[in-house]
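Colleague: Kindly generate the corresponding structure for this input.
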Amino acid sequence: MKNQVQLITYVDRLGGCRDGRDLARLKRLLSEPGAPLAGVFGGVHLLPFFHAIDGADAGFDPIDHTRVDPRLGQWADIKALTEELDVMGDVIVNHMSSESPQFLDYSEKGDASAYAGLFLTLDAVFPQGASERELLAVYRPRPGLPLTYATLKNGERRILWTTFTAAQIDIAVHHPQGRAYLASILRTFADNGIRMVRLDAVGYAIKKAGDSCFMMPETFDFIGEFAAEARALGIEVLVEIHSYFQRQIEIAARVDWVYDFALPPLVLHAFNFRTAAALKRWIAIRPTNALTVLDTHDGIGIIDIGADASDRAAHPGLVPPAELDELVERIHAASQGQSRKATGAAASNLDLYQINCTFFDAMGRDETAYLLARAIQFFLPGVPQVYYVGLLAGHNDMELLARSQVGRDINRHYYDEAEIARECARPVVSRLIELIKLRNRHPAFGGTFHVEPGADHELHLRWQQGTAWAALRIDFVTQAHELSYSDATGAPQVFAFS
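Modeller: From the prediction side, this is the model:
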């Protein structure tokens, strides 16, 4: 994976209009000379672009995972984009849509269907029946059990395994049909130039009676097997897991790449509580094979810095429980209460461990603090990714939230081309773009990273490669800050945050 900042975006929400040419528009936006974002990014993570992009979960419930939604374009457009940038795609390993041809065939034919073993039922996991204790042991970060009672079209009744929603039917990844299904996705991606994949919801992919069904040893085995298949096709694998921070460290030791999901709440904690102590503790132990993020298409994770829910006393979080609760309230206050309307039980939001809010609004629209947060992200070891709304320092989309009543839509605005041009002209966005270019081009970021000594309220980060260097200093009490770096002659330069 190229050590340059990547963009995370939906194809149709960044200059698209769903007329079949959105992928071509995105390619122009990111690579055509004179375009607002030309040459800014080294790669792009395309959020679900397959058929259909507007299902129950914004494309994360694929009907056909190997088909580009024709409203966006076709595989030739994906391949053309890969000739300009590194491209990452999602492989949704845990489930598929209840509208998929495979499930419709199963619904019509039941056990006579060729796909009968592809979909997980309660009996497939608990052939001897499930006790209350066994069902309650299953980990699920949403209310209720991961099961849906269903009457198939042929009249048969089943209890289906549905980790996320009733429209997302879990698949048996070790069944021959499951293996073939996932292999076909990898082959299609590889044939069209995609060299990075994100395993979505992979932590839930393996089910085992009497266990949590989340990140078990068998899950790691599956990830290893799948990653080996991907590597054989020249594809790197990113594992997407929200979990207790120690578990993230354990996961990182066994996979190619993980997200640093602890970073966003820790950065917010540092600015809100005027201390870098928790952030520096994390920097000292965090995995470096990480994609650093402040925002994604989902909410801001809280579970990632909290105590382990299985034993809070024995496994405390990175910040005390009272401070974590207070941080949530401060984010709601910084967003003028908007995030509260999109979080928890509000607005059909089911991920109770996340706060739905743009990162810019979570920081109270403080432009300097926002740019400093991005500087921290870019200075930490790993490959940075910037979500498209965060790139444009976007505000909470309350109109979209009101229409959809889906909490995460508050941070999934649709930008047309004129709006992108206007947003790129804002000082906070233009400075962020310059910061991205500095991170991509300065040779120091290919060298050695250090955290320099300082008080708890100070953060001093430094990169050095030969005579090239870059340094970031922030005092969270006074807000004094400086980002300095060497130029081609070795002379010091200072980045202007405003």
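Colleague: what about the strands in the stretch 1-150 of the chain?
Modeller: Residue ranges of the strands in the stretch 1-150 of the chain, as given by DSSP state E, counting those that start in this stretch, are 6-9, 43-46, 50-51, 64-68, 86-92, 95-97, 147-151.
Colleague: Pull up the pairing partners for the second one, direction included.
Modeller: The strands beside strand 43-46 in its sheet (DSSP bridges) come out as strand 6-9 (parallel), strand 86-92 (parallel).
Colleague: closest to Y259 out of those strands?
Modeller: Each of the strands paired with strand 43-46 has some distance to Y259 by Cβ to Cβ; the shortest is strand 6-9, at 10.7 Å. Backbone N, C-alpha and C define where each C-beta goes, glycine included.
Colleague: Just checking the distance from that closest one to the centre of its chain.
Modeller: Relative to its chain's centre, strand 6-9 lies at 10 Å (Cα atoms, centre = their mean, to the nearest Å).
Colleague: Same check on stretch 396-405?
Modeller: Between the centre of stretch 396-405 and the centre of its host chain there is 21 Å, according to Cα atoms, centre = their mean.
Colleague: Could you check that stretch and say which residues are buried?
Modeller: For stretch 396-405, burial by neighbour count (16 or more other Cβ atoms under 10 Å) applies to 396-397, 400-401, 404.
Colleague: A322 is nearest to which of the strands of the stretch 1-150 of the chain?
Modeller: Shortest distance between A322 and the strands of the stretch 1-150 of the chain, using Cβ to Cβ, is found for strand 6-9: 32.4 Å.
Colleague: With just CA atoms, put that closest one into PDB.
Modeller: Taking only C-alpha atoms (Å, rounded to 0.1, in the frame of the first residue of the first chain), the coordinates of strand 6-9 have been written out as PDB:
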ATOM      1  CA  GLN A   6      -6.200   8.100   0.700                       C
ATOM      2  CA  LEU A   7      -9.700   9.400   0.100                       C
ATOM      3  CA  ILE A   8     -12.800   7.500   1.400                       C
ATOM      4  CA  THR A   9     -15.900   8.300  -0.600                       C
END
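Colleague: Which residues does it contact?
Modeller: Outside strand 6-9, the residues within contact range by Cβ atoms under 8 Å, 6 or more residues apart in numbering are 26, 30, 37, 40-47, 86, 88, 291, 293, 296-297, 383-388, 391.
Colleague: same thing with stretch 251-258?
Modeller: The contact list for stretch 251-258, computed with Cβ under 8 Å, 6+ apart, reads 1, 215, 220, 223-224, 227, 236-239, 241, 243, 248, 287, 289-291, 383.
Colleague: same question, stretch 139-156
Modeller: Under the contact criterion Cβ under 8 Å, 6+ apart, stretch 139-156 has outside partners 104, 106-111, 122, 135, 138, 157-164, 166, 170, 204, 212-214, 242, 303, 350-353.
Colleague: From those, keep the buried residues only.
Modeller: For the contacts of stretch 139-156, burial is judged from neighbour counts taken by 16+ other Cβ under 10 Å, and it is met by 104, 106-107, 109, 122, 138, 158-164, 170, 204, 212-214, 242, 303, 350-351, 353.
Colleague: Once you drop chain neighbours, what's closest to G306?
Modeller: Using Cβ to Cβ, 6 or more residues apart in numbering and skipping the chain neighbours, the partner closest in space to G306 is G317 (4.2 Å).
Colleague: So what's the residue count around the one you found?
Modeller: Burial of G317, expressed as a neighbour count using other Cβ atoms under 10 Å, amounts to 22.
Colleague: Helix or strand: which one has the closest residue to L318 other than its chain neighbours?
Modeller: Sequence neighbours aside, I305 is the residue nearest to L318 in space, at 4.3 Å (criterion: Cβ to Cβ, 6+ apart). Under the assignment given by DSSP states H and E, I305 is not contained in any helix or strand.
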